[in-house]
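Engineer: With the sequence up front, the predicted model follows.
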Amino acid sequence: MNLATIQSFLKAIAKNNNRQWFEKSKPKYLEAKTLFDDFVEALHKELLKFDESLAGLNPRKLAFRIYRDVRFSKDKRPYKVNMGAGLSAHGKMEQEPGYYIHIEPGKSFIAGGFYMPNPENLAKIRQEIDYNTKDFLKILNDKKFKKYFTGLDDFDKLKTAPKGYPKDHPHIDLLKNKRFIVTHYFTDKEVLDKKFVKTAAEVAKAIKPLNDFLLNAIG
């Protein structure tokens with residue numbers, strides 16, 4: 001599946017991020033959106049080969065809106081310059097681990113894990129890592145995992161030890177995380193390759209053990 005039309009539209013909206021241009025170019029947007037939904041549907045089909053929890057999803061309803069919420073942002077551009085979709089057992093990764101695919105010229109990626117756990121789920125995940133550190137490290141050090149990731153994304157971490165854990169905990173760096181996400185970036189050449197759906201699914205398959213661990217933690 002070739003995503004050139006999507007990439008072309010995203011390049012155009014990045015240069016013309018205003019309502020007048022968007023309304024004039026609505027047919028091009030709708031074409032790109034349909035092609036992206038086609039891609040997500042194809043990706044979903046590949047993911048089902050190793051993650052049955054996604055079976056109940058309608059893949060054509062998993063894409064995020066292109067309209068930005070600018071109410072509390074200094075950036076007042078009305079439209080996103082990417083297309084993205086979240087795939088998890090109950091939808092778009094709402095308080096559960098899953099996969100996120102992001103298409104943007106020069107910045108495309110697939111991510112997985114648990115993006116923004118609420119306080120209750122965050123406490124459960126930290127406890128599971130504390131109790132079963134060996135199993136968690138086994139996932140992070142697996143050969144298939146390390147082919148695409150160097151570890152958890154290193155952002156949005158506590159500066160000190162979380163409540164209930166000593167500062168000298170041997171794995172305090174893991175416990176400081178507030179999000180448990182991994183990300184793998186793709187070049188535009190990879191995105192435009194006809195085998196990209198299978199390539200993205202292969203990376204997602206490497207994320208699956210992490211998602212399973214996190215799901216078990218909050219279960």
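Structural biologist: Now that the structure is in, tell me what you want to look at. Numbering: from 1, shown residues only.
Engineer: contacts, neighbours, all on C-alpha from now
Structural biologist: Will do.
Engineer: Now do the helices in this structure.
Structural biologist: 4-15, 19-24, 26-47, 119-131, 133-140, 143-146, 172-175, 188-192, 196-218 (DSSP state H).
Engineer: Please identify which of these is closest to residue 156.
Structural biologist: Proximity to residue 156 (Cα to Cα) singles out helix 172-175 among the helices of the chain, at 11.8 Å.
Engineer: Now do the closest one: which elements does it pack against?
Structural biologist: Packing contacts for helix 172-175, counted by 3 or more Cα pairs under 8 Å, 6 or more residues apart in numbering; DSSP states H and E, involve helix 119-131.
Engineer: now the helix it packs on: mean pLDDT?
Structural biologist: Mean per-residue pLDDT for helix 119-131: 98.
Engineer: That one versus helix 196-218: what angle between them?
Structural biologist: Orientation of helix 119-131 against helix 196-218 (axes from the mean of the first three to the mean of the last three Cα atoms, to 10 degrees) gives an angle of 90 degrees.
Engineer: Could you check the angle helix 119-131 makes with helix 133-140?
Structural biologist: Using the same axes, to 10 degrees: helix 119-131 against helix 133-140 is 100 degrees.
Engineer: in helix 119-131, what counts as buried?
Structural biologist: Across helix 119-131, burial judged by 16 or more other Cα atoms under 10 Å covers 121-130.
Engineer: circling back to that earlier point, with respect to residue 82, which of the helices of the chain lies nearest?
Structural biologist: Proximity to residue 82 (Cα to Cα) singles out helix 4-15 among the helices of the chain, at 6.3 Å.
Engineer: what angle separates the closest one from helix 26-47?
Structural biologist: Angle, helix 4-15 to helix 26-47, by the same axes, to 10 degrees: 130 degrees.
Engineer: And the contacts of helix 4-15?
Structural biologist: Contacts of helix 4-15 with the rest of the structure, by Cα atoms under 8 Å, 6 or more residues apart in numbering, involve 22, 28-29, 32-33, 35-36, 79, 81-82, 103-105, 192.
Engineer: do the same with stretch 202-209
Structural biologist: Against stretch 202-209 from outside (Cα under 8 Å, 6+ apart): 47, 50-51, 99, 110-113, 139, 144-145, 148, 182, 184.
Engineer: Put the alpha carbons of it into PDB.
Structural biologist: Backbone C-alpha positions of stretch 202-209 (Å, rounded to 0.1, in the frame of the first residue of the first chain) are rendered in PDB as follows:
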ATOM      1  CA  GLU A 202       6.400  -6.300  12.600                       C
ATOM      2  CA  VAL A 203       7.500  -3.500  14.900                       C
ATOM      3  CA  ALA A 204       4.100  -3.700  16.700                       C
ATOM      4  CA  LYS A 205       4.600  -7.400  17.300                       C
ATOM      5  CA  ALA A 206       7.800  -6.500  19.200                       C
ATOM      6  CA  ILE A 207       5.700  -4.200  21.400                       C
ATOM      7  CA  LYS A 208       3.200  -6.900  22.300                       C
ATOM      8  CA  PRO A 209       5.000  -8.400  25.300                       C
END
